[in-house]
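Trainee: okay, here's the prediction I keep looking at, along with the sequence it came from:
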Amino acid sequence: MKTRKISSRELPKTPTGIRGLDEITYGGLPKGRPSLVAGGAGCGKTLLGLEFLINGARNYNEPGVFMAFEETPEELIANVSSLGFELDRLVEKKMIALDHIRVERSEIEETGEYDLEGLFIRLQYAIDSVGAKRVVLDTLEALFAGFSNESILRSELRRLFQWLKSRNVTAVITAERGDGTLTRQGLEEYVADCVILLDNRVIDQISTRRLRIVKYRGSAHGSNEFPFLMDEGGFSVLPITSLSLDHPISSEIVPSGVPDLDEMLGVGGYYRGSSVLVSGSAGTGKSTLAASLCRAACSAGNRCLYFSFEESPNQIVRNMRSVGIDLRPFVNKGLLHIVSNRPAAYGLERHLVSIHKQISEFRPAVVIIDPITSLISNADRNDVLAMSTRLVDFLKSEQITGFFISLSSAGSSLEMTEISISSLMDTWLLLRDIELNGERNRGMYVLKSRGMAHSNQIREFVLTNKGIRLLKVYLGSEGVLTGSARVAQEAKEKGAVMERAQRSEAAAAELERKRMSMEARIAAMRAEFEAEKLEAAKLISQDKQRLGRIDADRDAMAASRGRNGKNGVVAASRGKNGQPKTQGL
């Protein structure tokens, strides 16, 4: 079957220049259309509108108009100067026009029909004075507060939105939140093409700010609640975690700073851009592992960003020096930046946005969160899990190696984390206490490490004045042996080895003695044999000589008889073969 392709034209958009907002709106606000920003007091409506105008003038060369109904131009300039926005210079350059309309209920007398014709004239003049492409109206409630005819207000609101569309300006209109409705009038959200809701809530005495796009005609958009932050850098929004899971991957290896651990992982360290979780109870050495990674990364010329929720920077540097890890030179060179804040200092969302901001400014290769479980003290576990998911996805998208420390509470299962983030991690190192013979020692093993043929052994975790060492543990009748039990076992095994070596040496010496004794006996027997051989040869020679003399004597006797015989007797003699021979006379 053939599928029919439906061609569509993408909705033109105007980028806001606000960090994170353009990402969740997929490009910005609808171009040439009005957008409504609603929320309660102090949630950041005015700041969002001002930054929308300032970014347009500075970054996109689009002049703008800010028409206020509550604050004067002087007050606006003073308020944003603390954020580093030089609004007065943009006004001098004719890039932004500021106007203030004063509305006082005591000075208003309702006679006849009410309309916004005067506002349109004044707004048109401001737009023409700078050639504005962007307009902000702040806020509508102040303009309509003095009038009670609801039907007229509704008709004029529709007219205002249509008038802004006809001028082809991208407008941001702020409005206060109503009781049970997004706005007090309950109509603006239906007329506007894009509606953004800002919320400033307080939970357990902790203030958190969140943003939600209620609607966006003609465009897809993020529909979840997104944390946002207002600080010295302005307005910034943190997008939610990526849903596509299409993060880039790398085969580059980042050493852990512990050679024995690199050997256990099988590939020499962690993959760049991966997420590493180290969990364990208090005092097992989790922060020392993090400091080892810092030292390895900074020694290679990479930057490391360390977020601590329990210790100050100076305390971390001092404590790590006791185990042979000196982080001060890296801090002085600007390769290591330690950020320390109490979890209760501000809300979870602000922590998250602050981490994003620090990462974006410092551009580290390694980020350490020590510990991530501290945030549970002022937030729900599900919220911390959501934050961790967003942070992990952000680090993966930036190819930054993330190192997360999780504190296990007493009595809890070691293979569980307080916020259930283990499934998000690529490598999980588990540190545990091993109590034996009145001692408390440390052990470590790799619970999982994706893409690595890692070791399944438990190694004893030892903190020395030269850093971390992982020793091979011994198995005894009572289980794993560590500490003095391991030392005793080592001594026992060394003694057994020495005893076996001594027995072997003694057996070899006895064998050598027997060999030499055997060779001596063989030599004696050989000498005896040679003597007997000589004696036998001597006897044989003597026998031959005796026989020779006998034969000679017989020959002589025979010859003598032959000369003296008278009767012709035959003389017998022996031939060469000893047989008698005859001679005829």
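Mentor: Right, received. Where do you want to start?
Trainee: which residues does the spatially closest residue to residue 440 that is not a sequence neighbour bridge with?
Mentor: Among residues not flanking residue 440 along the chain, residue 433 sits closest, at 5.6 Å (C-beta to C-beta, 6 or more residues apart in numbering). Yep, even glycine has a C-beta here, placed from its N, CA and C like the rest. In this structure, residue 433 has beta-bridge partners residue 442, where bridges are defined by DSSP bridges.
Trainee: okay, residue 433: pLDDT?
Mentor: Here the pLDDT value assigned to residue 433 is 82.
Trainee: who's in contact with it?
Mentor: With contacts taken as C-beta atoms under 8 Å, 6 or more residues apart in numbering, residue 433 has the following neighbours: 281, 283, 284, 440, 441, 442, 443.
Trainee: pull out the buried residues from those.
Mentor: Judged by neighbour count, with 16 or more other C-beta atoms under 10 Å as the criterion, the buried members of the contacts of residue 433 are 281, 284, 441, 442, 443.
Trainee: what's the lowest-pLDDT member of those residues?
Mentor: Lowest in pLDDT among the buried ones among the contacts of residue 433 is residue 441, which has 82.
Trainee: these two touch, right, that one and residue 434?
Mentor: Yes. Between residue 441 and residue 434 there is a contact under C-beta atoms under 8 Å: 4.9 Å.
Trainee: returning to that earlier point: ok, which pair from the buried ones among the contacts of residue 433 is furthest apart?
Mentor: In the buried ones among the contacts of residue 433, the most distant members under the criterion C-beta to C-beta are 281 and 441, with 13.0 Å between them.
Trainee: could you export the buried ones among the contacts of residue 433 as a markdown table, including distance to residue 298?
Mentor: As requested, the buried ones among the contacts of residue 433 are arranged in a markdown table below (distance: C-beta to C-beta, whole Å):
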| residue | distance to residue 298 |
| --- | --- |
| 281 | 28 |
| 284 | 24 |
| 441 | 30 |
| 442 | 25 |
| 443 | 28 |
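Trainee: enumerate every residue touching residue 326.
Mentor: By C-beta under 8 Å, 6+ apart, the contact list for residue 326 reads 295, 317, 320.
Trainee: could you tell me how many residues sit around the first one?
Mentor: The local packing of residue 295 (other C-beta atoms under 10 Å) involves 22 other residues.
Trainee: got any ranges where the stretch 401-550 of the chain has weak pLDDT?
Mentor: Low-confidence segments of the stretch 401-550 of the chain, defined by pLDDT under 70, are located at 409-419, 436, 473-487.
Trainee: mind listing the helices for it?
Mentor: Listed in chain order, the helices found in the stretch 401-550 of the chain under DSSP state H, counting those that start in this stretch are 483-564.
Trainee: surely residue 339 is in a strand?
Mentor: Yes. According to DSSP: H, G, I helix; E, B strand; the rest coil, the state of residue 339 is that of a strand.
Trainee: tell me how far it lies from residue 264.
Mentor: Between residue 339 and residue 264 the distance, using C-beta to C-beta, to the nearest Å, works out to 30 Å.
Trainee: and residue 351, which of the three is it?
Mentor: For residue 351, the secondary-structure state derived from three-state DSSP is helix.
Trainee: show me the contacts for it.
Mentor: The neighbours of residue 351, taking C-beta under 8 Å, 6+ apart as the test, are 341, 343, 375, 387.
Trainee: switch to 7 Å and redo it
Mentor: The neighbours of residue 351, taking C-beta atoms under 7 Å, 6 or more residues apart in numbering as the test, are residue 375.
Trainee: report pLDDT for it.
Mentor: The predicted local distance difference test score for residue 351 is 81.
Trainee: and what of residue 276?
Mentor: pLDDT recorded at residue 276 is 94.
Trainee: so it sits in a strand?
Mentor: Yes. Counting by three-state DSSP, residue 276 is found in a strand.
Trainee: for it, give its distance to residue 39.
Mentor: Note on residue 276: its distance to residue 39, by C-beta to C-beta, is 39 Å.
Trainee: looking at those two, which is more packed in?
Mentor: Neighbour totals were compared for residue 276 and residue 39, and residue 276 leads with 25 against 22 (other C-beta under 10 Å).
Trainee: so where do the strands sit in the stretch 1-150 of the chain?
Mentor: When secondary structure is read from DSSP state E, counting those that start in this stretch, the stretch 1-150 of the chain shows strands at 13-14, 29-30, 34-39, 64-68, 96-100, 134-138.
Trainee: who wins for proximity to residue 230 among these?
Mentor: Ranked by C-beta to C-beta, the member of the strands of the stretch 1-150 of the chain that lies closest to residue 230 is strand 34-39, at 12.0 Å.
Trainee: of residue 339 and residue 264, give the one with the bigger neighbour count.
Mentor: Set side by side, residue 339 and residue 264 show unequal neighbour counts under other C-beta under 10 Å, the larger going to residue 264 at 21 against 14.
Trainee: residues contacting that one?
Mentor: With contact taken as C-beta under 7 Å, 6+ apart, residue 264 is in contact with 446, 454, 455, 459.
Trainee: got a markdown table for these, with distance to residue 541 and neighbour count too?
Mentor: Rendered in a markdown table, the data for the contacts of residue 264 read as follows (distance: C-beta to C-beta, whole Å; neighbours: other C-beta atoms under 10 Å):
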| residue | distance to residue 541 | neighbour count |
| --- | --- | --- |
| 446 | 90 | 20 |
| 454 | 88 | 20 |
| 455 | 83 | 17 |
| 459 | 84 | 21 |
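Trainee: among the residues you listed, which pair sits farthest apart?
Mentor: Farthest pair in the contacts of residue 264 (C-beta to C-beta) is 454 and 459. Separation: 11.8 Å.
Trainee: before we move on, back to that, could the contacts of residue 326 go into CSV alongside pLDDT and secondary structure?
Mentor: As requested, the contacts of residue 326 are arranged in CSV below (pLDDT from 0 to 100; DSSP: H, G, I helix; E, B strand; the rest coil):
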residue, pLDDT, secondary structure
295, 95, helix
317, 94, helix
320, 94, helix
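Trainee: give me the mean pLDDT for stretch 362-373.
Mentor: Per-residue confidence for stretch 362-373 averages out to 92 on the pLDDT scale.
Trainee: ok now stretch 357-369, how far from the chain's centre?
Mentor: Centroid displacement of stretch 357-369 relative to its chain, using C-alpha atoms, centre = their mean, to the nearest Å, is 12 Å.
Trainee: gap between the two ends of it?
Mentor: One end of stretch 357-369 to the other measures 15 Å (C-alpha to C-alpha, to the nearest Å).
Trainee: quick revisit: identify whichever of the strands of the stretch 1-150 of the chain lies nearest to residue 226.
Mentor: Proximity to residue 226 (C-beta to C-beta) singles out strand 34-39 among those, at 13.6 Å.
Trainee: what strands line up against that closest one, and which way round?
Mentor: Partner strands and pairing direction for strand 34-39 (DSSP bridges) are strand 170-176 (parallel), strand 194-203 (parallel).
Trainee: how about stretch 170-186 as CSV, C-alpha atoms only?
Mentor: Included here for stretch 170-186 are C-alpha records, laid out as CSV according to Å, rounded to 0.1, in the frame of the first residue of the first chain:
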residue,chain,number,x,y,z
THR,A,170,4.7,39.4,17.9
ALA,A,171,3.1,40.4,21.2
VAL,A,172,3.5,39.2,24.8
ILE,A,173,0.6,40.1,27.0
THR,A,174,0.8,39.5,30.8
ALA,A,175,-2.2,38.8,32.9
GLU,A,176,-2.8,37.9,36.6
ARG,A,177,-4.2,34.5,37.4
GLY,A,178,-7.8,34.4,38.3
ASP,A,179,-9.8,32.3,40.8
GLY,A,180,-10.4,29.0,39.0
THR,A,181,-9.3,30.5,35.7
LEU,A,182,-6.0,31.2,34.1
THR,A,183,-6.8,35.0,34.1
ARG,A,184,-9.1,37.2,36.0
GLN,A,185,-11.3,37.9,33.0
GLY,A,186,-11.3,34.3,31.9
